[in-house]
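Enquirer: Here you go, sequence then predicted model.
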Amino acid sequence: MRQFKTESKKLLDLMINSIYTNKEIFLRELISNASDAVDKLNFKSLTNSDIKLDSNDLAIRISFDKDARTLTVSDNGIGMTAEDLERNLGTIAHSGSEEFKQENAESQGGDVDIIGQFGVGFYSAFMVASKVRVVSRAFGEQTAHVWESDGLEGYTIEDGERAEHGTDVILTIRENTKGENGEAGENYDTYLTEWGLRDLITRYSNYVRYPIQMMVSKSRELPRPEDAGDDYQPQYEDYQELETINSMTPIWKKRSSDVEQSDYNEFYKSTFHDWDDPARTISFHAEGSLEYDALLFIPGRAPFDLYSKDYQKGLSLYSSNVMIMEKCADLLPDYYNFVRGVVDSADISLNISRETLQQDRQLRAIASRVEKKITSELKAMRDDDRETYEAFFENFGRGLKFGIYSSYGMKASELADLLLFWSARENKMVTLAEYAATMPEGQKAIYYAAGDDRERLSKMPVVKGVLDRGYDVLLCTMDVDEFTFQAMRTYHACGLSKVYEDEVAREAAAKAVADGAEPEVEDRDIEFKNVATGDLDLATEDEKKDAEEATREHGDLFEAMKEALGDKVEKVAVSARLTDAPACITTEGPLSLEMEKVLARGPEAGTEGMPKTVRVLELNAKHPVFEKLVAAKEADDTEKLSLYAGLLYDQALLVEGILPADPVAFAQNICSLM
Ligand SMILES: Nc1ncnc2c1ncn2[C@@H]1O[C@H](COP(=O)(O)OP(=O)(O)OP(=O)(O)O)[C@@H](O)[C@H]1O
């Protein structure tokens with residue numbers, strides 16, 4: 001018996017038991033070797049006219065024998081001489097394929113896709129096999145040789161027989177093991193079943209460029225006998241047929257101009273298990289120092305588990321047509337987690353197990369390009385197919401907003417223009433750019449109201465107040481909306497009509513336009529303002545004066561009401577934002593009523609650290625109810641004033657969709673008034 005070269009025993013043990021976390025990849029490795037062998041022969045025939053070869057005959061064959069527990073991977077590729085067997089399979093980490101690649105680097109051109117590079121993949125067979133027998137006949141040789149090993153001590157090489165050039169790798173599959181200490185046992189029997197092998201072939205090696213064939217069991221209906229009566233039941237028979245299991249053509253390598261959209265749709269549906277066509281397909285090919293092909297899909301609707309914690313984002317990563325990772329998460333940012341697709345690159349540096357990558361830099365470069373492509377495709381969809389985009393946004397918009405929020409606004413420049421919000425004035429979804437474009441002169445902020453019901457929001461007195469002044473209000477019904485705005489702070493609007501500092505500049509500009517110049521435009525950062533928080537600064541000079549006067553005149557009324565309401569409010573004040581409602585609750589500081597509601601549903605609910613709103617009860621001094629308050633104060637009727645204050649506070653909260661803290665007392669108070 002010959003001994004493995006180098007510190008082989010230890011190394012081999014490491015190779016077999018430590019490199020791979022996933023035993024099933026052995027088949028991928030053996031198929032890749034077979035594909036390399038076929039590729040080498042094909043290459044030879046292309047470069048040497050003496051070799052006559054019908055490339056249609058090149059194939060990889062998988063067969064198994066349940067009783068003998070053998071699984072065979074055969075190819076009719078270049079084969080190995082006894083010397084090759086010694087060098088390639090007797091020396092760990094010697095890659096004949098890598099050598100071949102180097103030797104033929106100059107003349108290779110685009111027609112070879114050699115996968116092997118490390119010289120270790122073959123040994124993964126020992127993870128599932130107790131013995132491996134390789135029968136190989138090199139192309140052009142008359143004799144065959146047999147390499148055999150149990151993966152422990154060493155190997156033998158003997159003369160053997162094989163009808164044609166090529167290689168059979170015959171694995172004696174291990175017996176199933178029982179689980180220990182609560183861990184599941186290993187089911188090696190799967191590698192001796194048609195479905196188990198089919199699953200592995202289609203998962204890892206579906207796009208290997210040569211046919212991978214296997215005898216499969218099928219069933220067919222027998223011809224109806226001529227004398228069959230009316231009660232004849234169809235009869236079936238089982239039969240075996242050689243089937244090509246892999247689909248071979250990696251559609252992502254083709255130029256999109258050469259592929260029908262229906263083919264992309266088919267690929268998308270069968271690969272990513274969706275019933276519907278994708279909303280968009282993105283295909284691109286990078287050239288230069290890092291070459292890769294990418295095919296991405298934006299689904300029409302959210303996968304059912306998108307918002308579950310089990311959902312895994314990621315693109316399938318291939319290298320030379322072989323799947324390396326089913327979901328490479330690093331290729332997609334979280335906010336584009338719904339995107340499906342494939343990235344294939346022969347240039348990425350794989351680690352030896354092909355389970356991870358060695359260089360983050362390459363991956364980051366691809367990820368950044370992928371992200372840009374998705375963003376620009378979404379923008380195109382927003383502009384040229386608004387209906388589909390709105391449906392898309394309905395499904396995935398929350399994730400985009402969350403992307404801005406969770407990046408503390410850093411991703412705003414990338415994502416802000418993809419957002420849509422409901423415009424109270426236009427009664428439809430608008431982008432921030434569209435909102436900004438319709439802002440009348442003098443509008444200083446983007447106004448929004450947040451709550452869980454659009455209908456209710458549109459009727460809120462504070463919303464009406466802003467609308468009545470001619471400013472649109474975005475009605476935000478997603479829990480993340482306000483947090484997103486706070487993370488963004490401002491929206492960078494482009495191409496707005498220029499605002500002039502003074503009258504002289506304005507007149508000069510108007511004159512220039514009258515003389516035929518284009519009106520001047522500018523870019524501006526516009527603040528977001530919740531219509532129910534802080535000072536909106538919308539009141540006219542007269543209104544401000546009125547409010548100040550009312551504040552001065554009725555200071556003691558407000559104080560008395562504040563006393564009656566206690567800790568519930570920070571203060572009671574006259575409102576400059578209400579038109580026809582008697583009162584409203586606004587907040588001071590960064591926390592709005594709606595945000596407080598959202599936080600109250602979160603994990604910090606009820607804890608000490610839960611932030612609380614600073615509330616203000618604003619009163620409309622022009623409303624008839626205000627006169628009642630004044631009268632009660634003048635009559636020194638503290639009880640009535642306290643009743644009124646409580647009622648106004650509770651009803652203002654109700655309008656905001658917040659139940660009174662004590663609904664029973666609220667109901668009793670109303671009855672007592674009646
Ligand atoms: N079916 C085969 N036909 C011909 N040569 C083979 C076959 N299988 C393996 N070899 C030879 O054995 C070498 C070692 O194979 P092994 O799978 O260990 O490594 P590799 O394919 O070169 O690299 P990697 O570890 O990256 O897969 C190959 O480079 C190739 O020269």
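Expert: All right, it came through fine.
Enquirer: Show me the shaky parts of this structure.
Expert: Applying pLDDT under 70 to the chain flags residues 2-8, 93, 106-112, 352-353, 356-359.
Enquirer: Contact partners for the residue nearest in space to the middle of it?
Expert: The residue lying closest to the centre of the chain (C-alpha atoms, centre = their mean) is N337, at 1.0 Å. By C-beta atoms under 8 Å, 6 or more residues apart in numbering, the residues touching N337 are 306, 311, 313, 399. From N, CA and C alone the C-beta is placed, and that goes for glycine too.
Enquirer: hmm, try it at 6 Å
Expert: K313 (C-beta atoms under 6 Å, 6 or more residues apart in numbering).
Enquirer: interface residues of the stretch 51-200 of the chain facing the ligand?
Expert: Residues of the stretch 51-200 of the chain lying near the ligand by C-beta under 6 Å from any ligand atom: 75, 77-78, 80, 88-89, 95-98, 116-122, 167.
Enquirer: try 8 Å this time
Expert: 73, 75, 77-80, 84, 88-89, 92-100, 115-124, 134, 136, 166-167, 169 (C-beta under 8 Å from any ligand atom).
Enquirer: Check whether L200 really touches R28, as I assumed.
Expert: No: look at L200 against R28 with C-beta atoms under 6 Å: they stay out of range, at 7.2 Å.
Enquirer: Identify those among the residues of the stretch 51-200 of the chain next to the ligand that sit within strands.
Expert: 73, 75, 134, 136, 166-167, 169 (DSSP state E).
Enquirer: Of those residues, which is the nearest to the ligand?
Expert: The nearest member of those to the ligand, counting by C-beta to the nearest ligand atom, is T167 at 3.8 Å.
Enquirer: count of neighbours near that closest one?
Expert: Using other C-beta atoms under 10 Å, the number of residues around T167 comes to 27.
Enquirer: List the buried residues in stretch 423-430.
Expert: Within stretch 423-430, the residues scored as buried using 16 or more other C-beta atoms under 10 Å are 423-425, 429-430.
Enquirer: how far does that stretch sit from the chain's center?
Expert: Taking C-alpha atoms, centre = their mean, to the nearest Å, one finds the center of stretch 423-430 at 28 Å from the center of the full chain.
Enquirer: Show me how the record splits the chain into domains.
Expert: Per the record, the chain has its domains at 2-178+186-216, 251-387, 420-530, 541-673, by automatic domain parsing.
Enquirer: M127 touches E24, doesn't it?
Expert: No: if you go by C-beta under 6 Å, M127 and E24 don't touch, sitting 8.9 Å apart.
Enquirer: circling back: mind checking the domains of the chain for the one nearest to E241?
Expert: Closest to E241 of the domains of the chain is domain 2-178+186-216 (C-beta to C-beta; 6.1 Å).
Enquirer: got the CA coordinates for stretch 498-505 in PDB?
Expert: Taking Å, rounded to 0.1, in the frame of the first residue of the first chain, the C-alpha atoms of stretch 498-505 are listed here in PDB:
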ATOM      1  CA  LYS A 498     -36.400  80.600  -5.800                       C
ATOM      2  CA  VAL A 499     -37.300  82.500  -2.600                       C
ATOM      3  CA  TYR A 500     -35.900  86.000  -2.600                       C
ATOM      4  CA  GLU A 501     -34.600  87.700   0.500                       C
ATOM      5  CA  ASP A 502     -36.100  91.100  -0.100                       C
ATOM      6  CA  GLU A 503     -38.500  92.900  -2.300                       C
ATOM      7  CA  VAL A 504     -35.800  94.500  -4.500                       C
ATOM      8  CA  ALA A 505     -34.400  91.100  -5.500                       C
END
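Enquirer: Show me where the stretch 351-500 of the chain has its strands.
Expert: 421-423, 428-430, 445-450, 473-476, 490-497 (DSSP state E, counting those that start in this stretch).
Enquirer: Look at G606 and say how many residues are nearby.
Expert: G606: 7 neighbours (other C-beta under 10 Å).
Enquirer: If you could redo that for G409, that was the one I meant.
Expert: Other residues close to G409 by other C-beta under 10 Å number 18.
Enquirer: how about it, what does it touch?
Expert: Taking C-beta under 6 Å, 6+ apart, we find G409 in contact with 487-488.
Enquirer: picking that back up, neighbour count winner among L200 and R28?
Expert: Neighbour count, other C-beta under 10 Å: between L200 and R28, R28 has more, with 23 against 20.
Enquirer: where does that one land in three-state SS?
Expert: Following DSSP: H, G, I helix; E, B strand; the rest coil, we place R28 in the helix state.
Enquirer: Next: the one 3 residues further on.
Expert: When the structure is reduced to helix, strand and coil (three-state DSSP), I31 reads as helix.
Enquirer: Next up, the contacts around the closest residue to it other than its chain neighbours.
Expert: Among residues not flanking I31 along the chain, S205 sits closest, at 4.6 Å (C-beta to C-beta, 6 or more residues apart in numbering). Applying C-beta under 6 Å, 6+ apart to S205 gives the contacts 28, 31, 246.
Enquirer: Just put those in CSV and tack on distance to T190.
Expert: As requested, the contacts of S205 are arranged in CSV below (distance: C-beta to C-beta, whole Å):
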residue, distance to T190
R28, 15
I31, 16
N246, 19
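Enquirer: Which residue ranges of the stretch 351-500 of the chain form helices?
Expert: 360-384, 386-406, 412-415, 432-437, 454-459, 461-468, 481-488 (DSSP state H, counting those that start in this stretch).
Enquirer: Please identify the buried residues of the fifth one?
Expert: By neighbour count on 16+ other C-beta under 10 Å, the buried set for helix 454-459 is 456-458.
Enquirer: what do you get for the first one?
Expert: When neighbours are counted by 16+ other C-beta under 10 Å, the buried residues of helix 360-384 are found to be 362-363, 365-367, 369-371, 373-375, 377-378, 381-382.
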